[in-house]
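Novice: no sequence for this one, just the structure:
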């Protein structure tokens with residue numbers, strides 16, 4: 001058995017899980033998530049416990065077993081606690097402002113960049129040089145953070161750009177002043 005796949009998932013209070021065939025729907029205080037599981041993987045709901053099973057010990061079934069269990073556990077955690085990522089903006093004049101559609105970013109280009117947030121994602125800018133992305137779906141939160149970071153990735157000489165909070169940027173020495 002997969003060490004991760006065999007662990008049962010406890011469903012907290014206030015969360016409802018519906019399993020219809022290979023369709024898993026999780027509803028909670030932070031939203032509703034829906035996922036279609038692989039046809040070989042079985043998901044069963046017994047009271048307040050979800051279990052994921054596989055039909056055989058083939059390598060593909062083994063890998064799908066742990067993956068499927070983790071995806072369902074992330075759905076349950078997402079609708080109860082939610083996920084968030086923080087980005088830091090470094091550079092003179094670089095800033096982010098919250099707009100009704102998402103974010104307006106000034107990143108040193110000749111124009112402002114408008115980033116439209118997908119459904120279920122909340123974008124915050126507590127300080128103009130910081131962006132917080134919140135949502136129930138872990139994959140979408142990570143994807144939005146990666147898309148915003150890709151608008152102006154940090155450069156190695158001065159460190160200007162958008163980086164994840166806590167990310168260490170490897171710095172390079174600049175051009176040596178020649179005589």
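Specialist: It's in. From a predicted model like this one, the values you see are computed outputs, not experimental measurements.
Novice: which ones are touching the residue lying closest to residue 117 once chain neighbours are set aside?
Specialist: With C-beta to C-beta, 6 or more residues apart in numbering as the criterion, residue 117 has its nearest non-adjacent residue at 3.9 Å, and that residue is residue 102. Yep, even glycine has a C-beta here, placed from its N, CA and C like the rest. Residues in contact with residue 102 (C-beta atoms under 8 Å, 6 or more residues apart in numbering) are 114, 115, 116, 117, 123.
Novice: swap in 6 Å and give it another go.
Specialist: Residues in contact with residue 102 (C-beta atoms under 6 Å, 6 or more residues apart in numbering) are 115, 116, 117, 123.
Novice: list just the nearest of those residues to residue 86.
Specialist: Residue 86 has its nearest neighbour among the contacts of residue 102 in residue 123, at 11.5 Å by C-beta to C-beta.
Novice: got the contact list for the top helix by length along the chain?
Specialist: Criterion DSSP state H: the longest helix present in the chain is helix 59-80. By C-beta under 6 Å, 6+ apart, the residues outside helix 59-80 that reach it are 2, 4-5, 9, 12, 15, 24, 26, 28, 30-31, 33, 37-38, 41, 52, 54, 136-138.
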